[in-house]
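Colleague: Whatever this is, show me its structure:
(4 chains)
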2 protein chains.
Amino acid sequence: MARKDSELTGVKEIARRANVSIGTVDRVIHNRKGVSKKTKDKINAIIKELDYQPNIFARRLASKKQLVFAILIPKVSQETNYWEAPLLGIEQAGAEISPYGITVQPYLYEVNDKKSFLEQVARIDLDQVQGVLLAPSFIEESAHFIKALESKKIPYVFINSDIPGYNSLSYFGPDLYQSGYLSAHLMKYLVKRKEKVLIINISQEIDDQHHLSRKEQGFRNYFKDHKIESPILKIDIQQTDYAHVSKALGQILRKEPVAAIFVTNSRVSTVAKYLKKTKDTQPILIGFDYTKENLVFLKEGIIDFLICQKPREQGYKGLMALYQFVLHSRTGEKNNFMPIDIITSENCDFYIN
Amino acid sequence: MARKDSELTGVKEIARRANVSIGTVDRVIHNRKGVSKKTKDKINAIIKELDYQPNIFARRLASKKQLVFAILIPKVSQETNYWEAPLLGIEQAGAEISPYGITVQPYLYEVNDKKSFLEQVARIDLDQVQGVLLAPSFIEESAHFIKALESKKIPYVFINSDIPGYNSLSYFGPDLYQSGYLSAHLMKYLVKRKEKVLIINISQEIDDQHHLSRKEQGFRNYFKDHKIESPILKIDIQQTDYAHVSKALGQILRKEPVAAIFVTNSRVSTVAKYLKKTKDTQPILIGFDYTKENLVFLKEGIIDFLICQKPREQGYKGLMALYQFVLHSRTGEKNNFMPIDIITSENCDFYIN
DNA sequence: TCACGTTGCGTTAACGTACACGAAAAAACA
DNA sequence: TGTTTTTTCGTGTACGTTAACGCAACGTGA
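Modeller: From the prediction side, this is the model:
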């Protein structure tokens, strides 16, 4: 009899060893009620001993129900199409895993609006969700949501920005400090000794400040570590519209001729727009993100370098990590810092965002 | 009766419509013999009409047999650990898809040895293989193998280098011309007007020449397109050992002081080794690939930039493409040019190869 | 004509799990 | 003690596909 082989695994074997039926084993596996503590413990012990891995094919064949993953990220705004990329990655991953009975439900919030974030959170029915992929833009609001997830034991993955200290499955996103550090490294090649460098923060959001300042820190520390003598100027611009930005730029650039400008986020295109209009010698311009707007100026040569951290891949890999965990109990690295890519007008056509 | 719903799909429905049994339907699906041409055609028509997608869970539950993918790439040599990266990507993909009953069989050949390539090809039993991932280093030898694959209708994917004109499922690898073009772009920032630039080809293999020259072409064309006045020198070194390389370098560098050197492949570390020993002012050095050896010199500052094209991802995505096609009949892009990454001593620790 | 092979097809038992249904056992109540 | 309720558990069917087995019908050669 070849039965010996086949009976060594599966619910049947567990049932046999525990002297119960497969129905009972099934109940403890799904911890439904109706099993005495005693037999439940016995069965759990056997499961652990056998390191029982349920057959996912049989499981998903027998169970008609879909798994649901909720996606909580900003929606694409007129201001920037940055979030298009993660969404594309998510959609691709979603398409790949959909044959395995997984449904992806997007909940998209306004990038600068906490209220909108909370509205979307409220729409998610945690009893119908087996995993969450989120960009925790707003620290406090996210913390509250995450607490709810943990109490329901729903696994979640962060993308784009991290909130350390939580028990997330993993994080896929940039190492902000390093990307600032790298930008400074590029600068070193481009500015001559003692030429001035300007850092520009453009953001109205307070939560953002944390991100921006970590980049700035990296940037400044590189200059310090490498004893670069170029003076660093810096301005904060709290309004993101062109009128404000151009005015602020005009003021400082008239007084202080700079050889290079480092914009700490994707709004570098606004700066580029200003620089294009002035006839003066163009300073080197470095900024972030492969957005439509930035790309135009990159190709025109107004922007010299863009730093980018694979937003598409963040979405793709984030969702895949969720899938690997929920379906196969596979956990990968907890922190997955995306590579820091340097984009120029030459390689931009080949950049896979 | 809810039967109406459930009967609308699956082999049962096909069988019902064709007035045959599911056994017969199964036979034509797996085109086994024992079905008359007439009913076979009828069933195939219905399958197409219904756009029947077999339930993969039921399929893999019922069928105990494993799918086999053969991997035909160079093995890691002492000379370079380049091929470690693709293999790692392949192994990761292999681990992820192994629960779906897929076995990955590596056949590794010596990178510079056609005989070894043919030996490995001979070891592959095409009747036991459902897909092939290969790096077609040797054009003619590969062509022969590919012909065999096509006659058996076994899908195959190229990585690292492409042989256009074949009906491969897809290609994952670099766009050589562009990576040369980009290198030149970097040079532009780094050398002053009329300073000399040196291109170095180090390779004993003839097949390689094709690759190298496409890079060189890209490099030269950038200079032409942008009317850069720096003269370009060039040497070919046909022996890859350090003694030869250093001798050749000594000869040319003594005569011609150059501001920058562009090495067209991963052997840039050999050049770096030489430069490190000379006390002269170090020229800018650009080369290819994130190998162990190159990394050392990059961190020491001898190599300034490395161009890299995600060898790990080539392996990962290549195998995944095979999987998506064989299991889910999903085809993606045919040509997948990898992003052209610029690696410096600053971002190298964050580079995901 | 019989015996035997071939072709074309139907039937059925797996594959491992989920879950509804109902039965037995235990507990609670009278 | 008998009756009801609750707890605990076993049985059976379904999920969609695979493939072994077997049975007709037909053809072939003697």
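
Colleague: Name the residues of chain A found near chain B, please.
Modeller: A:55-58, A:60-61, A:96, A:99-100, A:175, A:178, A:181-182, A:185-186, A:189-190, A:222, A:324, A:328, A:330, A:337-342, A:344-347, A:349-352 (C-beta under 8 Å from any C-beta of the partner chain). For the C-beta atoms, the positions are set from N, CA and C on the backbone; glycine is no exception.

Colleague: Next, the buried residues of the helix or strand encompassing A:Ile97.
Modeller: If you go by DSSP states H and E, A:Ile97 is part of helix A:84-97. By neighbour count on 16 or more other C-beta atoms under 10 Å in any protein chain shown, the buried set for helix A:84-97 is A:Glu84, A:Ala85, A:Pro86, A:Leu87, A:Gly89, A:Ile90, A:Glu91, A:Gln92, A:Ala93, A:Gly94, A:Glu96, A:Ile97.

Colleague: Show the buried residues in the residues of chain A next to chain B.
Modeller: Buried among these by 16+ other C-beta under 10 Å: A:55-58, A:60-61, A:96, A:99-100, A:175, A:178, A:181-182, A:185-186, A:190, A:222, A:324, A:337-342, A:344-347, A:350-351.

Colleague: I'd like to know how many residues surround A:Lys65.
Modeller: 9 (other C-beta atoms under 10 Å in any protein chain shown).

Colleague: Quick check: phi and psi at the most centrally placed residue in chain A.
Modeller: Centroid-nearest residue in chain A: A:Ile159, 1.8 Å away (criterion: C-alpha atoms, centre = their mean). Phi and psi for A:Ile159, reported as degrees, to the nearest 10, are phi -130, psi 160.

Colleague: circling back to that earlier point, narrow the buried ones among the residues of chain A next to chain B to those in strands?
Modeller: Cross-referencing those against strands under DSSP state E gives A:Phe337, A:Asp341, A:Ile342.

Colleague: Turn the residues you listed into CSV, including pLDDT.
Modeller: CSV is the format used below for these (pLDDT from 0 to 100):
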residue, pLDDT
A:Phe337, 92
A:Asp341, 86
A:Ile342, 86
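
Colleague: can you list the residues you listed in TSV and add distance to B:Ala122?
Modeller: Converted to TSV, those look like this (distance: C-beta to C-beta, whole Å):
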residue	distance to B:Ala122
A:Phe337	43
A:Asp341	41
A:Ile342	44
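
Colleague: Just name the closest of these to chain B, please.
Modeller: A:Ile342 (4.6 Å; C-beta to the nearest C-beta).

Colleague: so who does the residue of the stretch 251-353 of chain A found nearest DNA strand C touch?
Modeller: When scored by C-beta to the nearest atom of the strand, the stretch 251-353 of chain A has A:Leu327 as its residue closest to DNA strand C, at 11.7 Å. Shown in contact with A:Leu327 (C-beta atoms under 8 Å, 6 or more residues apart in numbering or on different chains): A:Ile56, A:Leu67, A:Tyr100, A:Ile102.

Colleague: Please, which helix or strand holds it?
Modeller: Counting by DSSP H and E, A:Leu327 is part of helix A:311-328.

Colleague: okay, the angle between that helix and helix B:311-328?
Modeller: 50 degrees (axes from the mean of the first three to the mean of the last three C-alpha atoms, to 10 degrees).

Colleague: Just the buried residues of helix A:311-328, please?
Modeller: For helix A:311-328, by 16+ other C-beta under 10 Å, it's A:311-327.

Colleague: Stretch A:266-282 too?
Modeller: Quick answer for stretch A:266-282 (16+ other C-beta under 10 Å): A:Ser266, A:Arg267, A:Val268, A:Ser269, A:Thr270, A:Val271, A:Ala272, A:Lys273, A:Tyr274, A:Leu275.

Colleague: sorry, back to before: centre of the chain to the helix holding A:Ile97, how far?
Modeller: Chain-centre distance of helix A:84-97: 13 Å, with C-alpha atoms, centre = their mean, to the nearest Å.

Colleague: Give me the buried stretch members for the next helix-or-strand element following it, please.
Modeller: Remark: after helix A:84-97, the chain's next helix or strand is strand A:102-109, criterion DSSP H and E. Using 16+ other C-beta under 10 Å as the test for burial, strand A:102-109 gives A:Ile102, A:Val104, A:Gln105, A:Pro106, A:Tyr107, A:Tyr109.

Colleague: Let me have those in a markdown table, extended by distance to A:Ile303 and pLDDT.
Modeller: Formatted as a markdown table, the buried residues of strand A:102-109 follow (distance: C-beta to C-beta, whole Å; pLDDT from 0 to 100):
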| residue | distance to A:Ile303 | pLDDT |
| --- | --- | --- |
| A:Ile102 | 39 | 92 |
| A:Val104 | 34 | 96 |
| A:Gln105 | 36 | 96 |
| A:Pro106 | 31 | 98 |
| A:Tyr107 | 33 | 98 |
| A:Tyr109 | 29 | 96 |
